[in-house]
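Enquirer: Provide a 3D model corresponding to the input given below.
(one chain, ligands or ions: 3)
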Amino acid sequence: MTTLPQHIAIIMDGNGRWAKQRFMPRIAGHRAGIETTRRVIQYCARKNIKVLSLFAFSSENWRRPPQEVGYLMELFLTGLQREMHALHDGNIQLRFIGDRSRFSDKLRKKIEEVETLTGQNTGMTLIIAADYGGQWDIFQAVAHLAQAIEAGEVRGADITPADIASRLSFADLPDPDLFIRTSGELRISNFMLWQIAYSELYFTDILWPDFTEAELDKALLHYAGRDRRFGKSQQEPQQYITEG
Ligand code: IPE
Ligand code: IPE
Ligand code: MG
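Expert: Residues are numbered from 1 along each chain as shown. Ligands and ions are numbered 1, 2, ... in the order given. As a prediction, this is how the structure comes out:
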């Protein structure tokens with residue numbers, strides 16, 4: 001049996017380029033990407049992955065043309081509407097992280113509805129990062145900590161990294177063990193900056209709509225072969241360790 005990650009975080013990238021290759025509009029790529037997302041969620045749930053985090057929309061994606069942003073918002077709404085009962089039946093708990101204040105009332109309400117519906121589920125936790133940025137996350141944690149200091153609940157002189165970590169969006173969940181980015185881009189693009197400190201990184205050239213269960217298996221195989229040291233020295237057989 002190989003070692004499985006408890007928490008997988010994925011930057012689902014490459015929808016636009018997938019559509020361009022086919023002389024289709026970018027929105028066709030996003031539609032195809034939703035299908036991949038559905039399959040990856042089901043596959044991870046079947047494999048008993050505890051937490052799956054998906055980067056759906058970054059704080060910076062508002063910089064895209066209004067038409068594309070509007071279409072993405074529409075896709076989130078219809079996708080949630082269509083999938084929420086299947087996810088619930090699969091015992092999956094859905095949580096959204098990010099700054100939802102910029103979403104429409106309709107989308108915000110749908111998000112709350114899905115979170116309430118699935119809130120007591122005990123299977124996989126599915127985190128959808130929407131209007132999310134790692135810098136935003138650290139910023140909001142620090143802002144809350146500053147308020148606690150001002151209110152006299154915490155002494156400024158006593159703060160530790162744990163005071164920030166406990167106020168981040170993923171505070172109650174394990175940090176990602178495996179971080180995957182599709183589409184060949186070798187960057188983090190502001191996803192979970194604090195939490196991926198010791199994640200194993202896996203990059204593939206496959207564009208998100210082409211990402212399959214077999215591709216995920218490849219990533220899992222790579223992960224199983226990694227030697228995670230967390231700053232410690234490599235495990236060595238006892239006889240090679242010199243004293244002194
Ligand atoms: C990822 O695909 C989806 C979102 C960011 C919402 P892109 O839309 O970034 O596709 P590329 O990177 O342009 O190919
Ligand atoms: C990251 O992809 C965000 C999501 C996949 C939601 P982008 O396509 O926005 O990232 P950059 O702009 O290439 O760094
Ligand atoms: Mg992209």
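
Enquirer: what's the pLDDT at the closest residue in space to Leu173 that isn't next to it in sequence?
Expert: In space, and not counting its chain neighbours, Leu173 is closest to Val51: 5.4 Å by CB to CB, 6 or more residues apart in numbering. From N, CA and C alone the C-beta is placed, and that goes for glycine too. At Val51, the pLDDT value in this model is 98.

Enquirer: tally of neighbours for Val51?
Expert: Neighbour count for Val51, taken as other CB atoms under 10 Å: 22.

Enquirer: mind checking the SS state of Arg229?
Expert: Assigned by DSSP: H, G, I helix; E, B strand; the rest coil, the conformation of Arg229 is coil.

Enquirer: before we move on, the earlier item: the residue nearest to Leu173 reaches Pro5, doesn't it?
Expert: No. With contact defined as CB atoms under 8 Å, Val51 does not reach Pro5; the gap is 9.0 Å.

Enquirer: shared neighbours of the two, which are they?
Expert: Common contact partners of Val51 and Pro5 (CB atoms under 8 Å, 6 or more residues apart in numbering): Pro176.

Enquirer: could I get the full set of strands for the chain?
Expert: Ranges of strands within the chain are 7-11, 51-58, 93-97, 125-132, 178-181, 200-203, based on DSSP state E.

Enquirer: so which of those is nearest Leu168?
Expert: strand 93-97 (9.2 Å; CB to CB).

Enquirer: for the closest one, list every residue counted as buried.
Expert: Gln93, Leu94, Arg95, Phe96, Ile97 (16 or more other CB atoms under 10 Å).

Enquirer: listing partners with orientation, what would you give for it?
Expert: strand 125-132 (parallel) (DSSP bridges).

Enquirer: state the mean pLDDT of the strand it pairs with.
Expert: 98.

Enquirer: just want the angle from that strand to strand 51-58.
Expert: The directions of strand 125-132 and strand 51-58 differ by 20 degrees, with axes from the mean of the first three to the mean of the last three CA atoms, to 10 degrees as the criterion.
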